[in-house]
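>>> have a look; sequence and predicted model below, questions after that.
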Amino acid sequence: MNAIMIIAGKEFRDGLRNRWVVSITLVLAVMAVGIAWAGAAASGGLGFTSLASTLVSLTTLAVFLIPLIALLLAYDAVVGEREAGTLLILLTYPISRTALLLGKFCGHGLILGAATVLGFGIAGVTIVLGADGVALGELAAGMGLLIASTVLLGWVFIAFAYLISVGVSEKPRAAGLALGVWFFFVLVFDLALLALLVSVKQGGDWLAWLLLLNPTECFRLLNLAGFEAAREHAGVTAIAAPGGFHPAALTAILLAWGAVPLALALWRFHRRAA
Amino acid sequence: MTQVIKFHEVTQRHGALTRLDALSFQVTRGEVLALLGHNGAGKTTTMHLILGLLSPSAGQVAVLGGAPDSRHAATLRQRLGYLPENVSFYEALSGHEVLDYFARLKRADRQQVSTLLEKVGLGHAAQQRVKTYSKGMRQRLGLAQALLGEPSLLLLDEPTTGLDPAATRDFYATLGELQGRGGTVVLSSHVLPGVEPYIDRALILGGGRQLALGSIHALRQRAAQPLIIKVRGRLESDAWHTCVSHPRYTQLAQNAGEATLAVPETAKLDALRQLTHLPGIEDIAVEPPTLEHLYQHYSQRGHQ
């Protein structure tokens, strides 16, 4: 337990020092404030329009950015230490490989969590200060759900990054695979599902279940479920019937999407020779 | 218990490759053992087996009274110090921060950090980022890391690479201290001239097999390598020619004022007596066979 804390603390301090925390916070805050403010641009105006459309836009932003940020943050977690030679030292220390990987996960998870809370928090505060007639309770609930699920989505992709990182021997290869994972889940999956949707003429209720095969779709479903107004912006996830998936079930599935790659990464890390 | 490391018929296969082939040796407490050999001879594999990073395909490894790849590892690792080859450490951290991090992970006394940095000669650079360190400084930081927690067994993979002669001397002095406390050291090296005075025994490996094991003295006797005697002066007299035509001496080279002779150990004093009585000799230098010669001798024999 103690070793996990020490490793997590080091990773987090590294994140502060090499400006990861600050840059993620800034990127999220700037883009989120921009989206909130340009919400009416389509109808020819500027300024905050509705909470629903703002949250939908922020969800889409998170789907694109968070997996990429998480993968970039964590892809070299193990392979980087392997290349620097420090992994060999750590493996001969009185700490288990599980503690090593979990410690790193806590550290990276904290970096992403803190940056997300700060970045989207700043956007939320800006909306409260700058827009008139926003229902505070609704905003807090919506932003709260968005922030919590975004952090969860980030952790899922940190776990994917670790699965890549323990398996390869060179950093560039890990980076390439990480980009591939992002490309598949964020871009290719949607297009493939869309193609399938078009080709299936009859029935097709089962297609909605396919959404669960992608953590970013689970994340989208979770955030859009509450908004009737959001259905027209929901993209492929609109094939899921309203209220078809319970938020608790979606959260559980998202957690599983994090737990399974992390468990696989641990298993692979234990089996691999130094 | 005096046997710190015991290898019994240890074979290590990696796919179709046999990294170690039925290797047996023992290391006693307080001993400094050098693992010598070419790249791929099995030095690093041997270290990884001692560390429990690898499990033997056949045979038994025991380190400090237990198998290093078993539950015993948890207690064993507290008492081990290890410096791998080519470590670059965390470039964004300072030397002090790196060592402090490792000290906490090893549950060693954090007070040691500054003392150890001073000891390896990094006191002045403790607050500098590792990124600015030279190869030698990184190597010293690595050594300080290995010495954390006063280990009873120290494993050093090519420890003196990148160290200048003064730093190398300091390094062996530090090893001497550790040995004085009853610590055991296993080091691998290909810089042979440097290690010779400091090691108790050498294990020469080739292609995963043991080519020779013993003290430098014993290896020297077994190899029966000749001494090299270098003579300087006027080397034209008849007495000189009769002297060097002795069947037990081999003349390796001669030019105007210098000659090199190879003489068996047993004929050393005879040869010296004869040479000192020759007229016109200005200087005589005797070179005993070095570890390098022995190493060449044993590895050539291993290849045949």
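That came through, no problem.

>>> and residue 176, what helix or strand is that in?
Defaulting to chain A. Per DSSP states H and E: A:G176 is located in helix A:171-182.

>>> was after chain B, sorry
In this assignment (DSSP H and E), B:G176 forms part of helix B:165-180.

>>> average pLDDT across the helix or strand following that helix?
Moving toward the C-terminus from helix B:165-180, the next helix or strand (DSSP H and E) is strand B:184-189. For strand B:184-189, the mean pLDDT works out to 91.

>>> could you give the number of residues near the residue in the stretch 51-200 of chain B that chain A sits nearest to?
Across the stretch 51-200 of chain B, no residue is closer to chain A than B:V87, which sits at 3.6 Å (Cβ to the nearest Cβ). Placement of C-beta: from N, CA and C, glycine included. Using other Cβ atoms under 10 Å in any protein chain shown, B:V87 has 18 other residues around it.

>>> would you check how far apart it and B:F102 are?
11 Å (Cβ to Cβ, to the nearest Å).

>>> okay, and the common contacts of those two?
Counting by Cβ atoms under 8 Å, 6 or more residues apart in numbering or on different chains, the common neighbours of B:V87 and B:F102 are A:I89.

>>> circling back: quick one: the helix holding A:G176 to chain centroid distance?
Averaged C-alpha coordinates place helix A:171-182 at 16 Å from its chain's average position (Cα atoms, centre = their mean, to the nearest Å).

>>> from what I see, B:L252 and B:V244 are in contact.
No: counting by Cβ atoms under 8 Å, B:L252 sits too far from B:V244 to count as a contact (10.6 Å).

>>> now do the shared contacts for the two.
B:L261.

>>> more neighbours, those two?
B:V244 (19 against 13).

>>> pLDDT below threshold where in the chain?
I went with chain A, as the question did not name one. Where chain A drops to pLDDT under 70, the residues are A:1, A:39-47, A:203-204, A:226-244, A:274.

>>> oops, wrong one, chain B.
Ranges of chain B meeting pLDDT under 70: B:1, B:191-194, B:302-304.

>>> for the residue most central in space within it, which three-state class applies?
When Cα atoms, centre = their mean is applied to chain B, the residue found nearest the centroid is B:A34 (3.8 Å). Secondary structure, DSSP: H, G, I helix; E, B strand; the rest coil: B:A34 is strand.

>>> quick check: it touching B:R201?
Yes: the pair formed by B:A34 and B:R201 meets the contact definition of Cβ under 8 Å, at 7.4 Å.

>>> which residues does B:T115 contact?
With Cβ under 8 Å, 6+ apart, B:T115 has no contacts at all.

>>> just want the angle from the helix or strand where it lies to helix B:165-180.
Using DSSP H and E, B:T115 maps to helix B:112-119. Here the directions of helix B:112-119 and helix B:165-180 differ by 130 degrees (axes from the mean of the first three to the mean of the last three Cα atoms, to 10 degrees).

>>> ok, which stretches of the stretch 51-200 of chain A are helices?
Listed in chain order, the helices of the stretch 51-200 of chain A (DSSP state H, counting those that start in this stretch) span residues A:51-74, A:79-84, A:86-91, A:97-130, A:136-167, A:171-182, A:189-199.

>>> which is the next helix or strand following the host helix or strand of B:A202?
In this structure, B:A202 sits in strand B:201-206 according to DSSP H and E. Using DSSP H and E, the helix or strand that follows strand B:201-206 in sequence is strand B:209-214.

>>> helices or strands up against that next one?
strand B:17-28, strand B:201-206, helix B:216-223, helix B:291-303 (3 or more Cβ pairs under 8 Å, 6 or more residues apart in numbering or on different chains; DSSP states H and E).

>>> other SSEs contacting the second one?
For strand B:201-206, the elements it packs on are strand B:32-36, strand B:209-214, helix B:216-223, helix B:291-303, judged by 3+ Cβ pairs under 8 Å, 6+ apart.

>>> please name the nearest non-neighbouring residue to the residue in the stretch 1-150 of chain A that chain B sits nearest to.
Using Cβ to the nearest Cβ, the single residue of the stretch 1-150 of chain A nearest to chain B is A:G85, 3.6 Å away. The shortest distance from A:G85 to any non-neighbouring residue, by Cβ to Cβ, 6 or more residues apart in numbering or on different chains, is to B:V87 (3.6 Å).

>>> that's a strand at the one you found, yeah?
No: assignment of B:V87 by three-state DSSP gives coil, placing it outside any strand.

>>> what distance do you get for it to B:A146?
Counting by Cβ to Cβ, the gap from B:V87 to B:A146 is 10 Å.

>>> also A:F160?
35 Å.

>>> more neighbours, these two?
A:F160 (28 against 23).

>>> thought the more buried one was touching A:L179?
No: with contact defined as Cβ under 8 Å, A:F160 does not reach A:L179; the gap is 11.6 Å.

>>> pull up the overlap in contacts between those two.
Joint contacts of A:F160 and A:L179 (Cβ under 8 Å, 6+ apart) are A:L71.

>>> lovely, talk soon.
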